[in-house]
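Asks: Would you be able to build a 3D model of this:
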Amino acid sequence: MRFTYDPYYNSVTTIHHCLPPGGNVALPLRGAIEFMRVIEIPYPEALTAVLHMSPAAFEHEAKMALAVKLFELGRLTSGQAAQLVGVSRVAFLLECHRFGVPSVAWDDDEIAAEFQDA
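Replies: Here you go, the predicted structure:
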């Protein structure tokens, strides 16, 4: 957690960094990325109260929303998205439905081929 002073708003902002379990940010994503960068998104502390969430829960939800959207767009694999959030791939795929995103996207030909031998 870090505090910053913003003279424009004459206020002090609390910044929480949401790290994966164990605090390790050096885990590589597929594609041999050797380090992870940190995105800071300021938000009013009252927002978590309005949403009835703790700051940690809100930050996890925001990370999950980002990862799910990048997965939906095909920019990340499910494994990469899960690692971005700091959860297992299975846990990530099981949570995709909360954001209206299917965990698999098969076209009609793929579905027919899958059940052809069944």
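Asks: can you list the weak-confidence ranges in this protein?
Replies: 1-36, 118 (pLDDT under 70).
Asks: Please enumerate the helices of it.
Replies: Taking DSSP state H, the helices of the chain run over residues 45-50, 55-72, 78-85, 89-95, 108-115.
Asks: Counting neighbours, which bits of stretch 85-104 end up buried?
Replies: 85, 86, 87, 92, 93, 95, 96 (16 or more other CB atoms under 10 Å). Glycine gets a C-beta too; all of them are placed from N, C-alpha and C.
Asks: Which members of these are the farthest-apart pair?
Replies: 86 and 96 (15.8 Å; CB to CB).
Asks: circling back: adding distance to residue 40, write the buried residues of stretch 85-104 out as CSV.
Replies: Listed next are those as CSV, based on distance: CB to CB, whole Å:
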residue, distance to residue 40
85, 17
86, 17
87, 21
92, 23
93, 28
95, 24
96, 26
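Asks: hmm, back to that, so can I have a markdown table of the helices of the chain showing distance to residue 38?
Replies: Putting the helices of the chain into a markdown table (distance: least, CB to CB, whole Å) gives the following:
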| stretch | distance to residue 38 |
| --- | --- |
| helix 45-50 | 20 |
| helix 55-72 | 11 |
| helix 78-85 | 12 |
| helix 89-95 | 20 |
| helix 108-115 | 38 |
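Asks: Which one, of those helices, ends up nearest to residue 102?
Replies: Taking CB to CB, helix 55-72 is the member of these nearest to residue 102, at 8.6 Å.
Asks: contacts for the closest one?
Replies: 16, 18, 41, 43, 45, 47-48, 51, 53, 76-78, 81-82, 84-86, 92, 95-96, 99, 101 (CB atoms under 8 Å, 6 or more residues apart in numbering).
Asks: list the buried ones in it?
Replies: Going by neighbour count (16+ other CB under 10 Å), the buried part of helix 55-72 is 55, 58, 59, 60, 63, 64, 66, 67, 68, 71, 72.
Asks: repeat for stretch 70-81
Replies: Going by 16+ other CB under 10 Å, stretch 70-81 has these buried residues: 71, 72, 76, 78, 80, 81.
Asks: which one of the helices of the chain lies closest to residue 37?
Replies: helix 78-85 (11.2 Å).
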